[in-house]
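>>> need coordinates for the below:
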Amino acid sequence: MQSVLIVDDEKNYPLILSAVLEDEGIEPLTANSGQEALDILEHSDVDLVLTDMKMPSMDGIELMERVKEKNPDLPVIMMTAYGTVEKAVEAMQKGAYNYILKPFDNESLLVYVKKAISIYKMVKENRRLRQDVEAKYRFGNIIGKSRKMQEIFETIQKVAPANATVLIEGESGTGKELVARAIHFNSPRRDEPFIAVNCSALAETLLESELFGHERGAFTGAVSMKKGRFELADGGTLFLDEIGELSSNLQVKLLRVLQEKAFERVGGVRSVSTDIRIIAATNKNLKEEVAAGRFREDLFFRLNVVHLFLPSLRQRPEDIRPLVDHFIKKYAGEYRIEHPVIGVDRKVERMFYDYTWPGNVRELENVIERAMILCAGPTITVEDLPGEFRHSADNVLHIEGIPAEAELNETLAMIEKKMVERALQMTGNVQSQAAELLGIGKSGLNWKIKKFKLDVGGKD
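Residues are numbered from 1 along each chain as shown. You can find the predicted model right below:
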């Protein structure tokens, strides 16, 4: 229920206004002095302060200033007699939402009150959404306990406060945009726009207009001026995904923006200045693209001030379990699943570790989301997994890749060693957990560790 704090030293006004507001379903709180109002605000959550201008001890302007110190967004409407209009204007210059002249009719008052409350509700919602976004892109929400990911966290933490251009490389689905957003939302530009553009999603002519905007009449269909992403991101961060797909023409234009911090809209002649941070990402190796003549070397060096390489999921298998737990928790909240899913069974876990995950983290998330919808018990079983995934996972050994002349015992020993090494790696060399993961006893694991002369660091 919405609530309004009414402040007036004339005792009749709060009573009359309370009745008017209650008829509209608005809860009134009343105070007869500025100090009493401040005491109420200490313990009550209100959506608007409606205060008289002229009061003893603390007038309406001083009360508003004290209110704004604690909550700058809370709207304040001044009630004033005709003779103090100048003071009311002064109050608006200092942050009051509006003022209304006494005596006033109830309909006019309610229009002011409802509009102020509506705007405050929108401000609070925007603040909540921003807080949710910032929480989502904190370093701690990029899941990974592996050493490779810890090194990436350290680099993000160092580079976020700076204004340097960042180049992120890695396979599709490794979380490049997630890292870019983490850099932005942990930087001094966090309150400014984060604008993302997929450079591979549009044809060259459309992408040029999308990036730089266009003037009216620049081409067929350009019926009005349109600002591009460089202008929309002014003051903030522009994320150029799949930068390796840029044409040579757009590479030249991007290089100029990076050098001069200015550009022209398509069909325009006036230079537009821009203050943005560029974060670029690609699933290609840009050094190889430069060597092959497909990407400008000077642009590469401009983009590659800070370089981040995101490892594939198969390169950091110890992160699979934390990611699984994270996605189970995420979708349990989103879908409000009645029967709580608490994990995956051991067979599914081993299947996840054996699979190569060509789609990386994005593919793992999709598999978990589908399984959460179909799962009928507390743990995800093989039957809950997509059929195409089960088929792919059953064929991860790639027998056809083993040379025909390979000896059976030698090949089996190699596979056995790899599985033991991986189990130890994923469990941090905790032998009891590794043995459980492999489905063998601890004594059997000890024998294999000695057999393959593995260094386990003394953990049991």
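>>> who are the contact partners of Ser247?
Ser247 sits next to Glu204 when contact means C-beta atoms under 8 Å, 6 or more residues apart in numbering. C-beta coordinates here come from the backbone N, C-alpha and C atoms, glycine included.
>>> before we move on, what about Leu63?
Val7, Gly34, Ala37, Leu38, Val49, Thr51, Met55, Val76.
>>> same check, this time on Val197
Contacts of Val197 by C-beta under 8 Å, 6+ apart are Leu207, Glu210, Leu211, Arg229, Leu238, Phe239, Leu240, Asp241.
>>> partner strands of the helix or strand hosting it and their direction?
If you go by DSSP states H and E, Val197 is part of strand 194-198. Strand 194-198 has these partner strands in its sheet, going by DSSP bridges: strand 237-241 (parallel).
>>> who's in contact with the strand it pairs with?
With C-beta under 8 Å, 6+ apart as the criterion, strand 237-241 contacts 176-177, 180-181, 183-184, 187, 189, 192-200, 229-230, 246, 254, 276-282.
>>> of those, buried ones?
Applying 16 or more other C-beta atoms under 10 Å to the contacts of strand 237-241, the neighbour count classes 176-177, 180-181, 183-184, 187, 189, 192, 194-197, 199, 229-230, 246, 254, 276-282 as buried.
>>> the longest helix in this structure is where?
Scanning the chain for the longest helix, with DSSP state H as the assignment, gives helix 106-136.
>>> for the helix or strand following that helix, packing partners?
Heading C-terminal from helix 106-136, the first helix or strand you meet, by DSSP H and E, is helix 147-159. Applying 3 or more C-beta pairs under 8 Å, 6 or more residues apart in numbering; DSSP states H and E, we find helix 147-159 packed against helix 176-185, strand 306-310.
>>> so which bits of the shortest one are buried?
Applying a neighbour-count criterion of 16+ other C-beta under 10 Å, the buried positions in strand 306-310 are Val306, Leu308, Leu310.
>>> could I get the contacts of Leu63 as TSV with distance to Ala160?
TSV is the format used below for the contacts of Leu63 (distance: C-beta to C-beta, whole Å):
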residue	distance to Ala160
Val7	44
Gly34	43
Ala37	41
Leu38	39
Val49	38
Thr51	42
Met55	48
Val76	37
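>>> what's the helix or strand Gln251 falls within in contact with?
In this assignment (DSSP H and E), Gln251 forms part of helix 248-260. With contact meaning C-beta under 8 Å, 6+ apart, helix 248-260 is reached by 165, 199, 204, 207-208, 211-212, 230, 240, 246, 262-263, 274, 278, 295-296, 298-299, 302-303.
>>> okay, and which of those residues map to helices?
Glu204, Leu207, Glu208, Leu211, Phe212, Phe230, Asp298, Leu299, Arg302, Leu303.
>>> which one is the first one nearest to, not counting chain neighbours?
In other words, Glu204. Of all residues not flanking Glu204 in the chain, Ser247 sits nearest, at 4.8 Å (C-beta to C-beta, 6 or more residues apart in numbering).
>>> and for the fifth one?
Spatial nearest neighbour of Phe212, excluding adjacent residues (C-beta to C-beta, 6+ apart): Gly228 at 4.4 Å.
>>> got the contact list for that neighbour?
Ser209, Glu210, Leu211, Phe212, Gly213, His214, Arg265 are the contacts of Gly228 under C-beta under 8 Å, 6+ apart.
>>> ok, now Glu365?
By C-beta under 8 Å, 6+ apart, the contact list for Glu365 reads Leu323, Phe327.
>>> how far away is it from Val324?
According to C-beta to C-beta, to the nearest Å, Glu365 stands 10 Å off from Val324.
>>> same question for Glu288.
Taken as C-beta to C-beta, the span from Glu288 to Val324 is 33 Å.
>>> ok, those two, which is more surrounded?
Val324 (22 against 11; other C-beta atoms under 10 Å).
>>> wait, a strand at the more buried one?
No. Counting by DSSP: H, G, I helix; E, B strand; the rest coil, Val324 is not part of a strand but helix.
>>> quick one, domains of this protein?
According to automatic domain parsing, the chain comprises the domains 3-132, 142-311, 314-393, 402-451.
>>> residues of stretch 164-183 that come out buried?
Within stretch 164-183, the residues that count as buried by 16+ other C-beta under 10 Å are 165-171, 173-183.
>>> start to end distance for that stretch?
End-to-end distance of stretch 164-183 (C-alpha to C-alpha, to the nearest Å): 11 Å.
>>> could you pull out the helices for the stretch 251-400 of the chain?
286-291, 297-303, 320-335, 346-354, 360-374, 387-393 (DSSP state H, counting those that start in this stretch).
>>> so which of those is nearest Glu62?
Among these, the nearest to Glu62 by C-beta to C-beta is helix 320-335 (45.1 Å).
>>> now for the closest one, which elements pack on it?
Contacts defined by 3+ C-beta pairs under 8 Å, 6+ apart place helix 320-335 against strand 343-344, helix 346-354, helix 360-374.
>>> redo these as TSV? Include mean pLDDT and distance to Met122.
Converted to TSV, the helices and strands packed on helix 320-335 look like this (pLDDT from 0 to 100; distance: least, C-beta to C-beta, whole Å):
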stretch	mean pLDDT	distance to Met122
strand 343-344	92	40
helix 346-354	86	43
helix 360-374	93	31
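>>> Pro28: which of the ones you listed is closest?
Closest approach to Pro28 among the helices and strands packed on helix 320-335 (C-beta to C-beta): helix 360-374, 46.1 Å.
>>> pull out the buried residues from the closest one.
The neighbour-count check on helix 360-374 (16+ other C-beta under 10 Å) flags Asn360, Val361, Glu363, Leu364, Glu365, Val367, Ile368, Arg370, Ala371, Met372 as buried.
>>> export those to JSON lines and tack on distance to Ala91?
Converted to JSON lines, the buried residues of helix 360-374 look like this (distance: C-beta to C-beta, whole Å):
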{"residue": "Asn360", "distance to Ala91": "57"}
{"residue": "Val361", "distance to Ala91": "53"}
{"residue": "Glu363", "distance to Ala91": "58"}
{"residue": "Leu364", "distance to Ala91": "56"}
{"residue": "Glu365", "distance to Ala91": "52"}
{"residue": "Val367", "distance to Ala91": "59"}
{"residue": "Ile368", "distance to Ala91": "55"}
{"residue": "Arg370", "distance to Ala91": "57"}
{"residue": "Ala371", "distance to Ala91": "59"}
{"residue": "Met372", "distance to Ala91": "54"}
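>>> between those residues, which sits nearest Glu27?
Distances from Glu27 to the buried residues of helix 360-374, taken by C-beta to C-beta, are shortest for Met372, at 40.4 Å.
>>> that closest one and Leu385, how far apart?
Applying C-beta to C-beta to Met372 and Leu385 gives a distance of 11 Å.
>>> before we move on, the earlier item: may I see the buried residues of the helix holding Gln251?
Under 16+ other C-beta under 10 Å, the buried positions of helix 248-260 are Leu250, Gln251, Lys253, Leu254, Leu255, Val257.
>>> got the angle for it vs helix 204-212?
20 degrees (axes from the mean of the first three to the mean of the last three C-alpha atoms, to 10 degrees).
>>> looking at the buried residues of strand 306-310, which is nearest Thr155?
Once C-beta to C-beta is applied, the member of these that ends up nearest Thr155 is Leu308, at 6.0 Å.
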